[in-house]
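1. Okay, here's the prediction I keep looking at, along with the sequence it came from:
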Amino acid sequence: MEFQKRLRELRKEKKETQVQIAKAIQVTERQYQRFEAGENYPGFENLCALADHFGVTLDYLAGRTDER
């Protein structure tokens, strides 16, 4: 699964808005929107913050495995 699809899926599972996720990982709303749209990819620190927020591994978040 592509990163942006996985990211959107995880956000919807948690029933959170893009604004809530952006605040939680300390990025702008627009920056987070670009992650979900596949326009930009997060750097290592933001990837770690996203994985921690969603309680998944980096490999799961990146679509390299289906094991959370």
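-> Ah, there it is. Numbers count the residues shown, from 1 in each chain.
2. drop to CA atoms for contacts and neighbour counts, all remaining ones
-> Will do.
3. Quick check: the gap between the residue in the chain sticking out farthest from the centre and R34.
-> What lies farthest from the middle of the chain is E67; by C-alpha atoms, centre = their mean that is 15.9 Å. Separation of E67 from R34 (C-alpha to C-alpha, to the nearest Å): 25 Å.
4. Tell me which residues are up against stretch 34-43.
-> Contacts to stretch 34-43, defined as C-alpha atoms under 8 Å, 6 or more residues apart in numbering, come from residues F3, Q4, K5, L7, R8, Q31.
5. What residues does the first one make contact with?
-> Just to be clear, that refers to F3. Residues near F3 by C-alpha under 8 Å, 6+ apart: E36, G38, L61, A62, G63.
6. who wins for most neighbours among these?
-> Most neighbours among those, by other C-alpha atoms under 10 Å: L61, with 26 neighbours.
7. quick one, helices of the protein?
-> For the chain, applying DSSP state H gives helices covering 3-13, 18-25, 29-37, 44-54, 58-61.
8. So which of the contacts of F3 is the closest to Q26?
-> Comparing the contacts of F3 against Q26 with C-alpha to C-alpha places E36 closest, at 15.6 Å.
9. show me where pLDDT drops low in the protein?
-> Low-confidence regions of the chain, defined by pLDDT under 70, span residues 1.
10. Would you mind measuring from the residue nearest to R6 when sequence neighbours are not counted to V19?
-> Computed as C-alpha to C-alpha, 6 or more residues apart in numbering, the closest residue to R6 that is not its neighbour in sequence is L61, at 6.4 Å. According to C-alpha to C-alpha, L61 and V19 sit 19 Å apart.
11. Using a markdown table, lay out the contacts of stretch 34-43 together with distance to A51.
-> Shown next, in a markdown table, are the contacts of stretch 34-43 (distance: C-alpha to C-alpha, whole Å):
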| residue | distance to A51 |
| --- | --- |
| F3 | 12 |
| Q4 | 13 |
| K5 | 14 |
| L7 | 10 |
| R8 | 13 |
| Q31 | 17 |
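12. Cool, thanks, signing off.
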